[in-house]
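Visitor: sequence and predicted structure, then a few things I'm wondering about:
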Amino acid sequence: MDELEPHSLGDEEFDDETHSFEFWFGAVEGYLSDRPYGHRPATVEEPLDKRERDRLITTLCNYCTGETAALEGASGLVRLAPNHNAKIFMATQVVDEARHLEVFLRRLADLGVSDPDAEIARRANPALLEFKAALLALVGNEDWSAAVFAQNVILETMEYTVFRAHADNADPVTAEVLRGVISDERRHLGFGETHIGRGLADGSADRSRLQEVRGDLEAMVLRVFEDALDDAGVPPDERPELGRDYLEAVDRLGMAL
Amino acid sequence: MTDAESSAPPNSRDSRRTYELEDLGFNEVPKKWRKFYRHWTGPGDELAPNEILCPVCKVVIRSGREFRPGDKVYCMPCMSRMVVVEGPGGRLEAEVVF
């Protein structure tokens, strides 16, 4: 076993490798290169009845709202990021979020939605719009740790859980689109937990401030994604415990209540 | 789970079993790193001595030699740094290090 293992890298080497655009290129090439707009052209559409189509449109409108929040949040966070690796990683996240928004908009178009902006405005969950405003206020106030916690820990961790449950119950095209998004989300939630954890360890993040953000925002996001699972038609007995991954994350951060 | 144990004798510096890793189709990291990870199929997915579950993103992390408590382990798909610890019942687990 003489070959280089990831586990034999030094800590800085590992961070430099995984936060780089080179790493990002090599990663997304693996699961997106043959999937324009997130799915293989040969994947066959499954007919949806009127009610299924309507519920999927609502779900996708909410995903578009969440992705727009993350796109605007991440783009603002590039300027606030405290070091080169964090700036470069956040730039890759901006690209990911823009792609997510694009593939969900394309899926809405596939479903016959001709005016997505109007449809999103009509169907977006008010709690999600409230979360988006709160996130962008944190970014606007240049509160790096609070904004990363809100975006990459609270939002991304819950999205990760919901997208996985939805992908297991979705039509084939939507499922493929979601699986590509899920692969991106691993990086985003991992970045959030890692950077908040390091910030708490070195004192650059304020634990009480993060607890305050948690108190303000987590119930809001939990409610949004419970509604999303309803809209996505995920049967109750197949639903994950929505907050479990998120609560495990805050527990690892030493922020359990 | 699926890697062949190496036919070579254990490394003289330690007595760990070694494994020939194969690419198991995990495509979320650059090619040169893909064989060090695989998808987890759920609670019934039995891990081999050279495998450990990332608690952050639930990907199986793999190595060319069996894991032991105290080993450093990196999850590239979610960029987490961890250390191997002995959990309840002696099962090895990865604990995130910040």
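Guide: The structure has been received and is ready for your questions.
Visitor: just the buried residues of the biggest strand by length in chain B, please?
Guide: Looking across chain B with DSSP state E, the single longest strand is strand B:80-86. The neighbour-count criterion (16 or more other CB atoms under 10 Å in any protein chain shown) identifies B:Ser80, B:Arg81, B:Met82, B:Val84 as the buried residues of strand B:80-86. Backbone N, C-alpha and C define where each C-beta goes, glycine included.
Visitor: got it, and stretch B:68-84?
Guide: Neighbour-count burial for stretch B:68-84 flags B:Asp71, B:Val73, B:Tyr74, B:Cys75, B:Met76, B:Pro77, B:Cys78, B:Met79, B:Ser80, B:Arg81, B:Met82, B:Val84 (criterion: 16+ other CB under 10 Å).
Visitor: near chain A, which of those residues show up?
Guide: Among the buried residues of stretch B:68-84, the residues lying close to chain A (CB under 8 Å from any CB of the partner chain) are B:Asp71, B:Val73, B:Tyr74, B:Cys75, B:Met76, B:Pro77, B:Cys78, B:Met79, B:Ser80, B:Arg81.
Visitor: sorry, back to before: list the helices and strands the helix or strand following the longest strand of chain B packs on?
Guide: On the C-terminal side of strand B:80-86, the nearest following helix or strand under DSSP states H and E is strand B:92-96. In terms of contacts (3 or more CB pairs under 8 Å, 6 or more residues apart in numbering or on different chains; DSSP states H and E), strand B:92-96 is packed against strand B:51-53, strand B:80-86.
Visitor: how about strand B:92-96 as CSV, C-alpha atoms only?
Guide: The C-alpha trace of strand B:92-96 is given here as CSV (Å, rounded to 0.1, in the frame of the first residue of the first chain):
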residue,chain,number,x,y,z
LEU,B,92,-15.0,1.8,15.2
GLU,B,93,-16.5,5.2,14.4
ALA,B,94,-15.3,8.4,12.9
GLU,B,95,-15.3,11.5,15.1
VAL,B,96,-15.1,15.0,13.5
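Visitor: and for the closest residue to chain B within the stretch 101-250 of chain A, the neighbour number?
Guide: Of all residues in the stretch 101-250 of chain A, A:Gly190 sits closest to chain B, at 2.7 Å by CB to the nearest CB. Using other CB atoms under 10 Å in any protein chain shown, A:Gly190 is surrounded by 25 other residues.
Visitor: residue contacts, it?
Guide: By CB atoms under 8 Å, 6 or more residues apart in numbering or on different chains, the contact list for A:Gly190 reads B:Val56, B:Cys57, B:Cys75, B:Pro77, B:Cys78, B:Met79, B:Ser80.
Visitor: cool, and A:Val177?
Guide: A:Val177 is in contact with A:Tyr37, A:Gly38, A:His39, A:Val103, A:Phe104, A:Arg107, counting by CB under 8 Å, 6+ apart.
Visitor: how near is A:Asp202 to A:Pro82?
Guide: Look at A:Asp202 and A:Pro82: by CB to CB, to the nearest Å, they are 11 Å apart.
Visitor: circling back: A:Val78: which of the buried residues of stretch B:68-84 is nearest?
Guide: Closest approach to A:Val78 among the buried residues of stretch B:68-84 (CB to CB): B:Met79, at 17.3 Å.
Visitor: for chain A, just list every one of the strands.
Guide: Going by DSSP E, chain A shows no strands.
Visitor: which residues of it lie near chain B?
Guide: Counting by CB under 8 Å from any CB, the positions of chain A adjacent to chain B are A:1, A:3, A:5-7, A:9, A:11, A:14-15, A:17-19, A:22-23, A:25-27, A:29-31, A:160, A:183, A:186-187, A:189-191, A:193-194, A:197-198, A:200-201, A:248-249, A:252.
Visitor: inside helices: which ones of the residues you listed?
Guide: The helices, defined by DSSP state H, take in A:11, A:14-15, A:17-18, A:22-23, A:25-27, A:29-31, A:160, A:183, A:186-187, A:189-191, A:193-194, A:197-198, A:200-201, A:248-249, A:252 from the residues of chain A next to chain B.
Visitor: this completes my enquiry, with thanks.
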